[in-house]
Each structure stands twice: as structure tokens, then as C-alpha cells.
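K.L.:
Model the structure of this input:
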Amino acid sequence: MKSGTPFGQLPVLELADGSMISQMKAILRLIGKETGSYPKDDLAAARVDELMDAIDDISQLVNAAGRGMEQAEKEAARKEAVSSGSVFNLLTNIEAYISKHGQDGFCIGDSPTIADFQLAVVISFVSSGFFDGVD
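P.N.:
As a prediction, this is how the structure comes out:
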């Protein structure tokens, strides 16, 4: 499958005409535009994109914590990053951003957007036990 994809990697969304869209955010934006989950207003769309870029940083920061260390040190570094370090700080900033720009439990505005979907997926992934040292 990967060899037939636009960039040789997943994810890929195959459309009814057989064409493919790759890369998670491009797929999310397309689906969001088709379903009304991506704002038509340019500023609201920019807020969604801005938050999605910040959400991308969560996994990158967790993965970077403890890189190149022995297992026990790596787990301790990741636990620290999540409980009081770089990941904790980013999550705190994301929470403040959502409090400022979201309503009724949604990230941006008063209805679900693709940023809500991405945040749910990333938080589930990070807290699933995939990353050593992160419970």
C-alpha cells in the first residue's frame, strides 16, 4: 500500500474517483470542509490551524523527552516532561487557548471542529501507554 501513496507513507484517504489525499491535516481539512467541521471564516480557520499545529507538538515533545537515554532515565524524563516540564507547559497553554477561543467544551467556537478531533486522538495516543514512562 505505501508504495502507491503520494509520499510513500500513511495516512492516505482514497477518494471515490481513485485519487488520494495524504497527510493527516490535509485529510482532516478536506473532511472538515465537506462536513462543516472546518470554519468558513478565515480567522476561525486560522485559529483551528494554529491549535492543530500546537497539538502536533505534544507527541513531538513527549518523544523528544529522554531521547538517547537508557530506559529508566528515558521513562523518568518523559514522566517529568508530562507532569511538570515541556509537555505539561504546552498542555497548560493549549488549555488556556481553548478557554479563550472555545465554548461549550469545544476547542474553537461553539461546535466541534477538526481541532477537537485531532486533540482527542493525540491525547488518547499519548495517554495510551505508547510512550514509555507516560501513564
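K.L.:
how much space is there between Val126 and Ala65?
P.N.:
Val126 sits at a distance of 11 Å from Ala65 (criterion: CB to CB, to the nearest Å). C-beta coordinates here come from the backbone N, C-alpha and C atoms, glycine included.
K.L.:
what sits in contact with each of the two?
P.N.:
Taking CB atoms under 8 Å, 6 or more residues apart in numbering as the criterion, Val126 and Ala65 both touch Val82.
K.L.:
Those two: which has the busier surroundings?
P.N.:
More neighbours surround Ala65 than the other of Val126 and Ala65, with 23 against 20 (other CB atoms under 10 Å).
K.L.:
Show the pLDDT at that one.
P.N.:
pLDDT, Ala65: 92.
K.L.:
Am I right that it is in contact with Arg78?
P.N.:
Yes - if you go by CB atoms under 8 Å, Ala65 and Arg78 touch, sitting 4.5 Å apart.
K.L.:
between the two, what contacts are shared?
P.N.:
Contacts common to Ala65 and Arg78, judged by CB under 8 Å, 6+ apart, are Gly133.
K.L.:
residue ranges of the helices in this protein, please?
P.N.:
24-35, 42-64, 71-83, 86-101, 114-127 (DSSP state H).
K.L.:
Can you lay out the ones you listed as TSV showing distance to Glu14?
P.N.:
As requested, those are exported to TSV (distance: least, CB to CB, whole Å):
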stretch	distance to Glu14
helix 24-35	11
helix 42-64	23
helix 71-83	36
helix 86-101	32
helix 114-127	19
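K.L.:
For Leu13, find the nearest of these.
P.N.:
Closest to Leu13 of the helices of the chain, according to CB to CB: helix 24-35, at 4.7 Å.
K.L.:
Return the residues in contact with Asp110.
P.N.:
102-104.
K.L.:
Kindly apply the preceding question to Ser86 instead.
P.N.:
Neighbours of Ser86 in contact, by CB under 8 Å, 6+ apart: 61, 65.
K.L.:
How about Ala44?
P.N.:
Neighbour list for Ala44: 108-109 [criterion: CB under 8 Å, 6+ apart].
K.L.:
Make sure Arg78 is actually in contact with Asp135.
P.N.:
No - with contacts counted by CB under 8 Å, Arg78 stays clear of Asp135, the gap being 9.9 Å.
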